[in-house]
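Novice: pasting the sequence and the predicted coordinates here, then a few questions.
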Amino acid sequence: MANEVQKFDVVIVGGGPGGYAAALYGAAAGLNIALIERDKVGGTCLHRGCVPAKEFLETAHVRRTLEHSGAFGISATGVTVDFAVSQSRKNEIVDRLHKGLSGLLKGRKVTIFEGTGRLDANQTVTVVDGADAGVVAVGTHVILAAGSVPRTLPGFEVDGKFVLTSDEFLNLTSLPASAAVIGGGAIGCEFASMLADMGTKVTILEGLPSILAGCDAEVATVVQRAFKKRGIEVQTGVSVTGHTPSKKSTAIHMDGAEDLNVEMVVVSVGRSPRTQGLLGEGTDVEINDRGFVVADGYMRTANPQVFALGDVVAGTPQLAHVAFAEAVVVIKTIIGEAVVPVDYDRVPWAIYSNPEVAFCGLTEAGAKERGFDVVVKKDPFGGNSRAQIIGDTDGVVKIIAEKRADGTAGQILGVHMAGPWVTEQLGAGYYAVNWEATAEEAAALIQPHPSLSETFGETLLALAGRGIHVG
């Protein structure tokens, strides 16, 4: 009820992956929880991010499979894409997941308020707009999980026609003949890969010296080489300054380079925290100079009764599954259970481009920067029997381990993969890194044959000292 102060054990601002996970996990522990969401529970990940994007990437995968079906003796000529159908299918999937999530929250008696929450002094949260505008919720604890929004670039104002971010792109019902993706990070590479597999001529424009800057350099090289084979042009070290639209296309301007004419520009240069208007007076919560909330390893802000998690937190990966893990840390901390903070150096990363990328732990360069002597082994997917069977052999598995005094491989520091379905194969590497397994310990585990995961097993054997197929 508007203007009536309602009291809860925990008030959560934001119903994305981190917010709803904290609500469900906290409710399961018996806490009385309020969740304030300005749009729909599920947040960007469910409605404008992870899930919709992967549906489109799967549509692209199906088209790619049909185009290469001749190699399997199957004739599938004249393959076309009705993107409006894929859009409709995406919406159906999102709607089902949203209904399921809403049912879970209702079943655990989480109170949901519709609107934008603002934290004021004394853990008081006011709903400032929306259907429940005026509601005042006071929590013994408050969790800030307001999420993020796509960053934009000067000179590339979003118009929904020529210039789009991921938000606008995921509502398209038709695809352009040509497109430029500004930004060669994880999201940019996913969009570029999907567009290319749908028949669009794609150019990636990246300001850094290489795409996928956070990945191991050799993995990024494998992806860039595969992109080139598929006709995706990658321009690195470029500085875009603006664009000039015409009737059906626009010319992108770059310092020291010719204009690039395309029908669409997808701006993919990261995300900004949604902290504007999040805090009122007297909250004691610190916001850094980039607009992120500052929190410690237990996600506690400078106000010990206020926590923050997910994309609004400074210095953490903007990944849905990281927000899930942070939610568990927060709730366990609130109820006084023992908990280990998230180790951000060892979280799993998954990029759903073609080829896919998955990794956890330190890169080779990162390990050396931290003073480790390392032993490195890698194995391409080209020799993997299952990869040859499915006709998808671009990729590599690379494993980094600490070098012992005798020169042998000790603790596994990082596992990095590019190739077919590696996002579904990283589990074993994730456990190896996080359980601080040695090369010998991990190599003793048997991989099924024939399977894509054999490449990981073969690389481990070689790392441990003697490989079967890998030197």
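Specialist: Yep, that arrived. A quick note: this is a predicted structure, and the numbers were derived from the prediction, not measured.
Novice: report the distance from the biggest strand by length in the chain to the chain centre.
Specialist: If you go by DSSP state E, the chain has its longest strand at strand 409-419. The chain centre lies 20 Å from the centre of strand 409-419; the measure is C-alpha atoms, centre = their mean, to the nearest Å.
Novice: now for that strand, which elements pack on it?
Specialist: Here strand 409-419 touches helix 217-229, strand 356-361, helix 364-369, strand 374-380, strand 396-403, helix 426-434, helix 439-443, helix 454-464, going by 3 or more C-beta pairs under 8 Å, 6 or more residues apart in numbering; DSSP states H and E. Where you see a C-beta, it was placed from the backbone N, CA and C, and this is true even at glycine.
Novice: can you list the helices and strands that the next helix or strand after the fourth one packs against?
Specialist: The helix or strand immediately downstream of strand 374-380 is helix 385-390, counting by DSSP states H and E. Using 3+ C-beta pairs under 8 Å, 6+ apart, the elements in contact with helix 385-390 are helix 454-464.
Novice: taking strand 409-419 as reference, get the angle to the helix it packs on.
Specialist: If you take axes from the mean of the first three to the mean of the last three C-alpha atoms, to 10 degrees, helix 454-464 sits at 150 degrees to strand 409-419.
Novice: how far off centre is helix 454-464?
Specialist: 27 Å.
Novice: what sits up against it?
Specialist: Here helix 454-464 makes contact (C-beta atoms under 8 Å, 6 or more residues apart in numbering) with 375, 377-381, 383-387, 397-399, 401, 409, 412, 415, 417, 419, 425, 428-429, 432, 439-440, 442-443, 445-448, 467-471.
Novice: narrow those to those that are buried.
Specialist: Those of the contacts of helix 454-464 that meet the buried threshold are 375, 377-381, 384, 386-387, 397-399, 401, 409, 412, 415, 417, 419, 425, 428-429, 432, 439, 442-443, 447, 467, 470, by 16 or more other C-beta atoms under 10 Å.
Novice: next, count neighbours for residue 220.
Specialist: A count of nearby residues for residue 220, using other C-beta atoms under 10 Å, gives 21.
Novice: pLDDT wise, what is residue 11 at?
Specialist: If you check residue 11, the pLDDT there is 98.
Novice: over to it. Which of the three states is it?
Specialist: strand (DSSP: H, G, I helix; E, B strand; the rest coil).
Novice: need the phi and psi values for the residue nearest to residue 167 when sequence neighbours are not counted.
Specialist: In space, residue 167 comes closest to residue 48 once its chain neighbours are excluded; the distance is 5.1 Å by C-beta to C-beta, 6 or more residues apart in numbering. The phi/psi pair for residue 48 (degrees, to the nearest 10) reads phi -140, psi 20.
Novice: give me the distance between residue 48 and residue 270.
Specialist: Taking C-beta to C-beta, to the nearest Å as the measure, residue 48 falls 15 Å from residue 270.
Novice: those two: which has the busier surroundings?
Specialist: Applying other C-beta under 10 Å to residue 48 and residue 270 shows that residue 48 carries more neighbours, namely 23 against 14.
Novice: residue ranges of the helices in the stretch 101-250 of the chain, please?
Specialist: Counting by DSSP state H, counting those that start in this stretch, one finds helices in the stretch 101-250 of the chain at the ranges 166-169, 186-197, 217-229.
Novice: just these: most buried one?
Specialist: Burial of the helices of the stretch 101-250 of the chain is given as mean neighbour count (mean count of other C-beta atoms under 10 Å); helix 186-197 ranks first at a mean of 25.
Novice: orientation of that helix relative to helix 217-229 in degrees?
Specialist: In terms of direction (the same axes, to 10 degrees), helix 186-197 departs from helix 217-229 by 30 degrees.
Novice: quick one: the helices and strands packed on strand 409-419 as JSON lines, columns for mean pLDDT and distance to residue 200 too.
Specialist: Formatted as JSON lines, these follow (pLDDT from 0 to 100; distance: least, C-beta to C-beta, whole Å):
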{"stretch": "helix 217-229", "mean pLDDT": "96", "distance to residue 200": "13"}
{"stretch": "strand 356-361", "mean pLDDT": "98", "distance to residue 200": "20"}
{"stretch": "helix 364-369", "mean pLDDT": "97", "distance to residue 200": "33"}
{"stretch": "strand 374-380", "mean pLDDT": "96", "distance to residue 200": "28"}
{"stretch": "strand 396-403", "mean pLDDT": "98", "distance to residue 200": "27"}
{"stretch": "helix 426-434", "mean pLDDT": "96", "distance to residue 200": "29"}
{"stretch": "helix 439-443", "mean pLDDT": "95", "distance to residue 200": "41"}
{"stretch": "helix 454-464", "mean pLDDT": "95", "distance to residue 200": "31"}
